[in-house]
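Enquirer: Everything below, folded, please.
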Amino acid sequence: MENKMMQPRFKNSPHFKDFWTKGNGKQLIEFSGAEVGFTDFEKFAPYFYHVDETGDQVVKDIYLTKKFHEASREIEQYIRNGVTENDPVPDSIKEMFLHTQKIPAWLDNNLLKSGAELCMRSNLDALISLRDYCLMGGYDYAYLNKPLITTEALKKGAVKRLSETLDFWVNVTRYDALEVHKKGYEFAIKTRLIHSYARLSIKKHYKQWDTENWGEPINSWDMMATYIGFSLVFLHSLHKLGNTFSDDEEKGLFHLWKYVGYLLGIPENLLPDNKKQATEYFYLWTAVQPPADKDSVLLAHSLLNESLENPILKYQFQRRNLRYLHICCTWFLLDDEVCRRLQIPEVSYRKAFPEIKRAVNKIYDRMVSRKARIKKGNKDQMKVLNDYLRITQHSNFH
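Expert: As a prediction, the model looks like this:
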């Protein structure tokens, strides 16, 4: 598609320049050693109008031809038992499963293990990073949020949305989770089909979708940016909170999310191998994203107020305190300009909790063995997930 969006149209806008010359973008360049520029823009820009056609065809062949629960049961059978070239199934099913069942030549199980261990070892800092930097920071990119708004994510509520994100993240970041037929693999396939189902629904029912400006719904370039959130942005957040990580853990984190992206049908050339590549890819993508709009503010406040609505904590004062701590972390992790655009409330002593957390992390890192931290982190993350699943009566594929 030849149109104005094939240019880095926001590259001279204040929000873009400030992020990359003064804010977290500048920190990411320093953190990663990236060399940013627009030389490769034309290689990446077409992916704004590119989607996972195989996943879309599976949804058309299976979900749109039978009852939802029957279709879900059929997909689960393929996930658990596998698909062969000779099976009497639709071509789209063969195409998707023969691809995801094939282990790519570049996959390194030792790096997957190191990446999973970093995710577990970072304990509750991982969940703070996902929520207060990755998710909240993502709301500042107005076009990226349009599928959430059009599929009425706000009506569903932040508790449910957070529960689903956490369920996915935890299940793809455990030991051996991504082996074919295992639980992380299952989550990746189901998430891929959720994206296709949502995309087809938007294209059918939401006639005001502005493809020229917003790209295709849940397009491949936006998917790349989302998964850079789980790798680069997540790693930067851990660093800001005073965590350290080895070269193997860092490489492992990018390797793990590269493989998750591969299972989700994101084109391989959009999946970075390291923080330098990820920052350079992310730089190009941010040049086609305007800053937060009114929808962004609604999403941000829905996430902030999740702590008040969530019944995991019994008393209102506990919920208010948790909300305050998340606001402190959001101001600490995101740029002040981003927080103001998202209308994050100003609170007193907002640096105290994150700074104490940084100091404690540095001591904890030296005093407790890596093995013990992995074990405790896994246990604590599973407890948070189980609390969320208990209150949302979560179902894998809705």
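Enquirer: drop to CA atoms for contacts and neighbour counts, all remaining ones
Expert: Noted.
Enquirer: Per-residue confidence, the closest residue to residue 142 other than its chain neighbours, what does it come out as?
Expert: Closest residue in space to residue 142, ignoring its immediate chain neighbours: residue 292 at 5.0 Å, by C-alpha to C-alpha, 6 or more residues apart in numbering. For residue 292, the pLDDT comes out at 97.
Enquirer: Return the backbone torsion pair for residue 292.
Expert: Dihedral pair for residue 292: phi -50, psi 140, per degrees, to the nearest 10.
Enquirer: Next, the contact list for it, please.
Expert: Residues near residue 292 by C-alpha atoms under 8 Å, 6 or more residues apart in numbering: 139-142, 341-342.
Enquirer: which among those gets closest to residue 44?
Expert: residue 141 (17.6 Å; C-alpha to C-alpha).
Enquirer: Count the residues that sit near the closest one.
Expert: 18 (other C-alpha atoms under 10 Å).
Enquirer: That one: what secondary structure?
Expert: coil (DSSP: H, G, I helix; E, B strand; the rest coil).
Enquirer: Then residue 311?
Expert: Residue 311 - assigned by three-state DSSP - is coil.
Enquirer: Could you find the closest non-adjacent residue to residue 71?
Expert: residue 63 (5.3 Å).
Enquirer: Looking at the one you found now. What's its pLDDT?
Expert: 96.
Enquirer: Ok, residue 398 next?
Expert: Predicted confidence (pLDDT) for residue 398: 38.
Enquirer: what does residue 308 give?
Expert: For residue 308, the model assigns a pLDDT of 92.
Enquirer: Mind giving me the packing neighbours of the helix or strand containing it?
Expert: In the assignment (DSSP states H and E), residue 308 maps to helix 306-309. Identification of packing neighbours for helix 306-309 by 3 or more C-alpha pairs under 8 Å, 6 or more residues apart in numbering; DSSP states H and E yields helix 158-172, helix 316-333.
Enquirer: Tabulate these (CSV), appending mean pLDDT and distance to residue 190.
Expert: As requested, the helices and strands packed on helix 306-309 are exported to CSV (pLDDT from 0 to 100; distance: least, C-alpha to C-alpha, whole Å):
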stretch, mean pLDDT, distance to residue 190
helix 158-172, 94, 10
helix 316-333, 97, 30
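Enquirer: Nearest to residue 233, out of those?
Expert: Smallest distance to residue 233 across the helices and strands packed on helix 306-309 (C-alpha to C-alpha): 10.2 Å, for helix 316-333.
Enquirer: which residues are in contact with the helix or strand hosting residue 276?
Expert: Element membership for residue 276 (DSSP H and E) is helix 275-286. The contact list for helix 275-286, computed with C-alpha under 8 Å, 6+ apart, reads 8, 16, 28-29, 32-38, 41, 44-45, 141, 221-222, 225, 228, 232, 254, 270-272.
Enquirer: Can you say which of the residues you listed are buried?
Expert: Neighbour counting with 16 or more other C-alpha atoms under 10 Å marks 8, 16, 28-29, 32, 34, 36, 41, 44-45, 141, 221-222, 225, 228, 232, 254, 270-272 as buried within the contacts of helix 275-286.
Enquirer: Just the ones of those in helices?
Expert: Counted as lying in helices by DSSP state H, out of the buried ones among the contacts of helix 275-286, are 16, 28-29, 32, 41, 44, 221-222, 225, 228, 254.
Enquirer: what's the farthest-apart pair in these?
Expert: 16 and 254, at 24.8 Å, using C-alpha to C-alpha across these.
Enquirer: re the thing from before, now the contacts of residue 292 in JSON lines, with pLDDT?
Expert: Listed next are those as JSON lines, based on pLDDT from 0 to 100:
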{"residue": "139", "pLDDT": "97"}
{"residue": "140", "pLDDT": "98"}
{"residue": "141", "pLDDT": "97"}
{"residue": "142", "pLDDT": "96"}
{"residue": "341", "pLDDT": "98"}
{"residue": "342", "pLDDT": "98"}
